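1. sequence? don't have it. structure:
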């Protein structure tokens, strides 16, 4: 994926993140109420201790069993309220965070479904996986703890400041003057931590992508005995990841060391100044004990907020990576006035079509004009790189045209909704993709609401029924990841059955038999001929047998269409097609 040049501030990211709380605002505010209750209960304890100490040290006051019982009962009630509130925060609050993470992952996946093929051609799948899994893990903690911790901190700061001012103004001002300095100094390391966390996340994606690439190509690795090369590549990435984590932990350690140092300064100030004021009689024993407890609470709060900065940075990094993904442009989309493609006849026409994959590349197609009539079987042949597969990808709008237009039944395909357009087109490609699941699952993918009987009939039409019934569990046989348990011919016939079940009026065959052996090709070719009957079909030709019976053949080169006609007509012209045919080089098409 090309990284966004835009830099996101924390405010930018929070504006994109906060709307996810909307669905859970009742839980959110209840969680904050529980946080307020637990915080309030916690802040009363030093006052109880203060009263107990004053009763015990002041000769004019008498500490009785009644007073002790009342203070104990008050503490017991407050502690009970705190326990209930804490349980709610830890359970329901965390569940809210998990739900927000789930919503974000859903939105990310939905967005990925809308991105064009150009995005996926430039992006490693491992990096995408990292963004919608690892990068969002910390969002659960962030969504729950971020508002809660800052809300608790605000309450403790405010109440502690007021109470400490009432005990001793000069000492309180000294203590609170240290806090901003600590925040500023710690903030310098916070920025470096955020950069380190983001770098770590990015490298996790690279590492995942490398592992995925190596494992998916494990047969190639073993066939060339290149295990050592793969280990070396992995170790290089793994050690680079270690270096990044060292960098991250270095600044994390510095960050925590700075905050601990300021803790010590604040406690030292309390000991020295507090002792001095006690010597002068400005603070009594009860007040001093309460003061130490409140300063401890204050320092704990500051430490929690400062330490939460680590979680904050992880969460913000996850949100930033999420926002970068969500900001990837959707290039292929429905126009506002797009209509459903219905009652398709199947006429396809390219009118002055030009296309290039990006601004830096040259044109793959330039001012191309061709027409496929209703029900006509058309084949494309030509040298590799002449744009044959590109043409097949432009009809269902996997890419947008650079110029010109493609029409189906006389209407620009941009005027149709993507769903109805693609529902009207069936594609059988050389590289068959079967999903992890059963044979039946993969056939039903062509029409999810079909019955099993319809799927069986589609398999019969595709010439796949016999071999499926011979599988250990028939249609319920697990095909393995990417159909690894089936042969190439079997996978191809299942993909053809999938299209039979879909029953589209337009068919695109992109070198559908080029990877098969002769026996499998013969079986699959019969299935394809059956599939093409009554449909407008476009075949990207690899072998002569797949195009010989076509109604019309276009010969495509870098200069566009150079020849047109059926098999016999093109042979009689004795042009490029004739040369390919006689040289046996039609397979280069």
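-> The structure has been received and is ready for your questions. These figures come from a predicted structure and were not determined experimentally. Residues are numbered from 1 along each chain as shown.

2. surely residue 434 touches residue 490?
-> No - using CB atoms under 8 Å, residue 434 is not in contact with residue 490; the gap is 9.6 Å. Backbone N, C-alpha and C define where each C-beta goes, glycine included.

3. can you pull the residues that touch both of those two?
-> Common neighbours of residue 434 and residue 490 (criterion: CB atoms under 8 Å, 6 or more residues apart in numbering): residue 483.

4. tell me where the stretch 301-450 of the chain has strands.
-> Ranges of strands in the stretch 301-450 of the chain, per DSSP state E, counting those that start in this stretch, are 348-355, 365-372, 377-381, 403-408, 411-412, 425-429.

5. reformat those as TSV; add distance to residue 474.
-> Formatted as TSV, the strands of the stretch 301-450 of the chain follow (distance: least, CB to CB, whole Å):
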stretch	distance to residue 474
strand 348-355	38
strand 365-372	38
strand 377-381	33
strand 403-408	38
strand 411-412	43
strand 425-429	23
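
6. to residue 506, which of those lies closest?
-> strand 425-429 (4.7 Å; CB to CB).

7. any idea of the angle that closest one forms with strand 348-355?
-> 60 degrees (axes from the mean of the first three to the mean of the last three CA atoms, to 10 degrees).

8. neighbouring contacts of strand 425-429?
-> Taking CB under 8 Å, 6+ apart as the rule, strand 425-429 contacts 392, 395-396, 446, 492, 495-496, 499, 502-504, 506-512, 528, 531, 535.

9. over to stretch 400-416?
-> 116, 331-332, 335, 337-341, 344-356, 363, 367-368, 394-395, 397, 421, 424, 506.

10. go again with 7 Å.
-> Stretch 400-416 is contacted from outside by 331-332, 335, 338-339, 341, 344-345, 347-356, 394-395, 397, 421, using CB atoms under 7 Å, 6 or more residues apart in numbering.

11. which residues touch residue 438?
-> With contact set as CB under 7 Å, 6+ apart, residue 438 has these partners: 475-479.

12. what's the helix or strand for residue 466?
-> Here residue 466 sits within helix 465-470, counting by DSSP states H and E.

13. next one: residue 183 from residue 189, what distance?
-> Counting by CB to CB, to the nearest Å, the separation of residue 183 from residue 189 is 11 Å.

14. the two: which is more packed in?
-> Taking other CB atoms under 10 Å, residue 183 and residue 189 do not tie; residue 189 has more neighbours (21 against 16).

15. which pLDDT value does the model give the closest residue to that one other than its chain neighbours?
-> Nearest-residue entry for residue 189: residue 255, 3.9 Å, with adjacent residues in sequence omitted and distances by CB to CB, 6 or more residues apart in numbering. With respect to pLDDT, residue 255 scores 78.

16. contact partners for residue 255?
-> 186, 189-190, 193.

17. part of a strand, is it?
-> No - if the criterion is DSSP: H, G, I helix; E, B strand; the rest coil, then residue 255 is helix and not within a strand.

18. closest to residue 282 out of the strands of the stretch 301-450 of the chain?
-> Nearest to residue 282, of all the strands of the stretch 301-450 of the chain, is strand 348-355, at 83.6 Å by CB to CB.

19. how many neighbours does residue 483 have?
-> 22.

20. next one: the one 5 residues further on
-> By other CB under 10 Å, 17 other residues sit near residue 488.

21. cool, and residue 78?
-> 19.

22. and what of residue 450?
-> Neighbour tally, residue 450, other CB under 10 Å: 17.

23. show me what contacts it?
-> The contact partners of residue 450, by CB under 7 Å, 6+ apart, come to 444, 501.

24. can you tell me how far it sits from residue 501?
-> The value you get for residue 450 to residue 501, if CB to CB is used, is 6 Å.

25. again with residue 138
-> To residue 501, residue 138 is 43 Å away according to CB to CB.

26. before we move on, what about residue 294?
-> For residue 294 relative to residue 501 (CB to CB), the value is 72 Å.

27. how about residue 394?
-> Separation of residue 394 from residue 501 (CB to CB) stands at 25 Å.

28. residue 345 now?
-> Residue 345 is 22 Å from residue 501, by CB to CB.

29. which one of those two has more residues nearby?
-> Neighbour count, other CB under 10 Å: between residue 345 and residue 501, residue 501 has more, with 23 against 13.

30. helix, strand, or coil at the more buried one?
-> Per three-state DSSP, residue 501 ends up helix.

31. go through the strands of the stretch 301-450 of the chain and name the closest to residue 387.
-> With CB to CB as the criterion, residue 387 lies closest to strand 365-372 of the strands of the stretch 301-450 of the chain, at 4.8 Å.

32. run the angle between the closest one and strand 348-355 for me.
-> In terms of direction (the same axes, to 10 degrees), strand 365-372 departs from strand 348-355 by 170 degrees.

33. which strand or helix spans residue 191?
-> Following DSSP H and E, the helix or strand that holds residue 191 is helix 169-216.

34. packing partners of that helix?
-> Judged by 3 or more CB pairs under 7 Å, 6 or more residues apart in numbering; DSSP states H and E, helix 169-216 is in contact with helix 125-132, helix 134-167, helix 227-280, helix 285-326.
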